[in-house]
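Trainee: Provided below for reference: sequence and predicted model.
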Amino acid sequence: MSEDDSNSISLPIVGDEETGDQEQQEEQERTEGDEAGDVLEVIDREVTDNGVVLYMKGTPEQPMCGFSARAAQILQAYGVDFHAVNVLDEEDKRDGIKEYGDWKTIPQLYVGGELVGGSDIMMKMHESGQLEDVFADAGIDYAAG
Amino acid sequence: MIEPNKIVDKIEAALADAEVEVTDLTGTRDHYEVEVVSTAFEGKTLIQQHRLIYDALDEELDGPIHALTLETKTPDATGENNE
């Protein structure tokens, strides 16, 4: 057994896995009503049509939050082809994904339409080898682990 | 802002046997690292484990907690990396 949580992978852990509460409140009001329902449908299609989807702040090339950076780096380390959604660009999805996943923080990783977790969970599953199983079970091509 | 012991109380109220360690990452009482050891996590996936804690801290995550790094463990899984 070598599940050592404090082991050697050194990815940035600075930054915020933000719950995005404050400025969020205003957005919430805007996206409530019919629009909120549409967003959930769009997200549902997005996570179903793409094998691996990462909802994040910023882009994999230019992440705007340490947690999102770490999530994107983990996926890049596996060489998986993933669809990244920048919730800072697509503002309606910022609340939408929280509602869709019933998960309050961003980033969120979806594989085969299922929520895998945020960056802490991704890191844990990366260390334990479980992330590889998630890709394999969903029939996702990955290069390394 | 929220006092660390309030976080501990909330989690202990949800998971009776929980051992909770709270670290204030920034000294500003709103960015926390929380480590929880509980038998309630046994047989659960990581996302289910984290959900238990998120549910316990539901109100706090909507306000005073701005960032949360979470680590959940079962009593069996501890030991190897604790001194």
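Mentor: Great, that's in hand.

Trainee: so which residues of chain B form strands?
Mentor: According to DSSP state E, chain B carries its strands in the segments B:19-24, B:31-37, B:67-73.

Trainee: meant to ask about chain A
Mentor: Under DSSP E, chain A gives strands at A:52-56, A:83-86, A:108-111, A:114-117.

Trainee: okay, the spatially most central residue of chain A and residue B:17: tell me how far apart.
Mentor: Using CA atoms, centre = their mean, the residue of chain A that lies closest to the mean C-alpha position is residue A:108, 2.4 Å off. As judged by CB to CB, to the nearest Å, residue A:108 and residue B:17 stand 29 Å apart. Every C-beta, even on glycine, is put in place using the N, C-alpha and C of the backbone.

Trainee: average pLDDT for the lengthiest helix in chain A?
Mentor: Determined from DSSP state H, the single longest helix within chain A is helix A:34-49. Averaging pLDDT along helix A:34-49 yields 88.

Trainee: residue A:46 reaches residue A:82, doesn't it?
Mentor: No - between residue A:46 and residue A:82 there is no contact under CB atoms under 8 Å: 11.9 Å.

Trainee: okay, those two: which has more neighbours?
Mentor: residue A:82 (21 against 18; other CB atoms under 10 Å in any protein chain shown).

Trainee: nearest residue to the more buried one other than its sequence neighbours?
Mentor: residue A:52 (3.9 Å; CB to CB, 6 or more residues apart in numbering or on different chains).
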